[in-house]
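Q: Quick one: sequence and predicted model below, then my questions.
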Amino acid sequence: MSELKKAHEGGLSGYLPDETPSIPKMILFALQQVLVMFPATVLVALLTGFHVSTTIFASGLATLCFLFITRGKIPLYFGSSFSYIPAVAAITGVGFGQIAPDSLISAAQFGILMSGFVSIAAGLIVSRFSMEKIERVLPPTVTGSIALVIGLSLAAVALTNAIGWNGAELAANSNKMWIVALITLISTILFSVYLKGMWAQIPILLGIALGYIVSIPLGLIDFSTIFAGDVFSMPHFTLPAVSWQAALAIMPIAIATIPESTAHLFQLDIYVKDLARKKGKDPHKYNIEEKLGLNLIGDGVGDIVAALFGGPGGTNYGENISTMAITRNFSVFMLGTAAVIAIILSFFTPLSNLVLSVPSAVINGACIFLFGVIAAQGIAIMINKRVDLFSARNLAVIATILIIALGGTYGFPNGMIPFFGTELPPIAAGALFGILLNLLLSIGKDGYDAMSDEKDAFVEAVAHDEDGF
């Protein structure tokens, strides 16, 4: 039986952006999205000195605004971006887990707010050009490679946090953490591969739930923290305060995140169109990749909204895209529900504490799978766009992005590349170098490539030999 026939007979589960699950299902699906965005979003707050509850609130509200601005055409979740961490942390100047003074948070907020206007301006400019012209600057060799390095750059985060390695020593209960992390990882994979119907839509949630249950007898959960504090508490809101020093430090980050955002959009386009085809619907109805300008405008609005309330700068989340790809659930209404749940979590302390009580071994056990899927989606972009890997030009662009981004991430103690007295975020540096290199190598080449010619000659020779038989 063909996949298309199975889809018509209900054998294929999944939701396209304009489709809506039933309310009970939607709440389960949305909770899964909240769980996968939670670790990274909270970690950004802990690293930059922002308030955790405010960061969660800003993430949910910014997502709702993003979905509204993009008119429900782009199913993405807006969360705190790692790209902003070095610049914001330099302004707040606090250690891990410490809360920065309101005055410093307010200064950083102004820089984040101004970066939002940069994204909006970039989105308006991009909207004036055709997709063909955009791909000359952001070809799949660049966007695919960036998606690949985003996933691989998170590999150490998932693995070390899963077993409590802090860079110097293992946690005392690392063996128990290994057990929980492996059970969570393997069960999540098995659930995603073998479950059918509605259960196939929540494999990450089920894997995390199983990991949580296993953690209880192993003593990895402190239930006393769940009901600590007041039941209801307002997030700590602060207003931006004008600081041009903060603006100059943070605004350029918005430009650096454009290739990352483009890669996410291309990933989404591939998987949504694939689901549309399998469900017997017109895939051209979901031309998400052509909405890059609108996506950047939505990103900018998200940054402005987050900054107005005291949240860090953000972008659309690869973890959530991976979850959507694995579960084939791209419902915009489901993502909106996830955003509402995040806002509720920020006000109700026990709910927020319950999510925070999930051991790092559980969350990062699942993230070993999720981060790998992000990287695999980069490969999918290049396959889908038929990137010629025999081309010397393409290989040069891909190779330099991979080495600069990954070498910078893993080669230096703070994960930043020392460069003429300043420090560069490695993924942004690799992306910018790859973009400029691609444009440079495109001058006067008109597609000529010695390695590509060798490939064509090889293919022709093979075809000739087959004809000879």
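A: Thanks, I have it.
Q: And for Leu64, the neighbour number?
A: Leu64 has 19 neighbours, counted by other Cβ atoms under 10 Å. All C-beta atoms are positioned from the backbone trio N, CA, C, and that covers glycine.
Q: you'd agree it is up against Ala342?
A: No: when contacts are counted by Cβ atoms under 8 Å, Leu64 is not listed as touching Ala342 (9.5 Å).
Q: Tell me the confidence at the nearest residue to Glu423 once chain neighbours are set aside?
A: Excluding the flanking residues, the one nearest Glu423 by Cβ to Cβ, 6 or more residues apart in numbering is Met416, at 3.9 Å. If you check Met416, the pLDDT there is 80.
Q: How many residues are close by Met416?
A: There are 17 residues near Met416, going by other Cβ under 10 Å.
Q: residues touching it, list them.
A: Met416 makes contacts with 86, 408, 423-426, as judged by Cβ atoms under 8 Å, 6 or more residues apart in numbering.
Q: Identify the residues contacting stretch 236-244?
A: 51, 53-54, 91, 102-103, 105-113, 307-310.
Q: Would you mind listing the buried residues in it?
A: Judged by neighbour count using 16 or more other Cβ atoms under 10 Å, the buried positions of stretch 236-244 are 236, 238, 240, 243.
Q: And these, which is closest to Val362?
A: Among those, His236 lies closest to Val362 (Cβ to Cβ), at 27.6 Å.
Q: Doesn't that closest one belong to a strand?
A: No: His236 sits outside any strand when classified using DSSP: H, G, I helix; E, B strand; the rest coil, being coil.
Q: Check what pLDDT Ile204 gets.
A: Per-residue pLDDT puts Ile204 at 84.
Q: correction: Gly444
A: Reported pLDDT for Gly444: 71.
Q: where's it, which helix or strand?
A: Here Gly444 sits in a region with no helix or strand, counting by DSSP states H and E.
Q: Count the neighbours of it for me.
A: Other residues near Gly444 come to 6 when the count uses other Cβ under 10 Å.
Q: Against Glu135, how distant is it?
A: Separation of Gly444 from Glu135 (Cβ to Cβ, to the nearest Å): 19 Å.
Q: same deal with Leu351?
A: Between Leu351 and Glu135 the distance, using Cβ to Cβ, works out to 44 Å.
Q: how about the most centrally placed residue in the chain, what does it touch?
A: Geometric centre of the chain, nearest residue: Gly318, 1.9 Å, by Cα atoms, centre = their mean. Going by Cβ under 8 Å, 6+ apart, Gly318 touches 147, 150-151, 264, 267, 371, 374, 377.
Q: which stretches of the stretch 201-350 of the chain have low pLDDT?
A: 252, 256 (pLDDT under 70).
Q: Assign Met177 to helix, strand or coil.
A: Per three-state DSSP, the secondary structure class of Met177 is helix.
Q: Double-check it against Ala162; I have them as touching.
A: Yes: contact criterion Cβ under 8 Å: Met177 and Ala162 qualify, at 6.5 Å.
Q: what sits in contact with each of the two?
A: 360-361.
Q: All the helices of the stretch 351-469 of the chain, residue numbers only.
A: 360-384, 392-411, 426-442, 450-468 (DSSP state H, counting those that start in this stretch).
Q: How about residues contacting the third one?
A: Read that as helix 426-442. Contacts to helix 426-442, defined as Cβ under 8 Å, 6+ apart, come from residues 83, 136-139, 141-142, 145-146, 149-150, 153, 253, 256-257, 259-260, 393, 396-398, 400-409, 415-417, 419.
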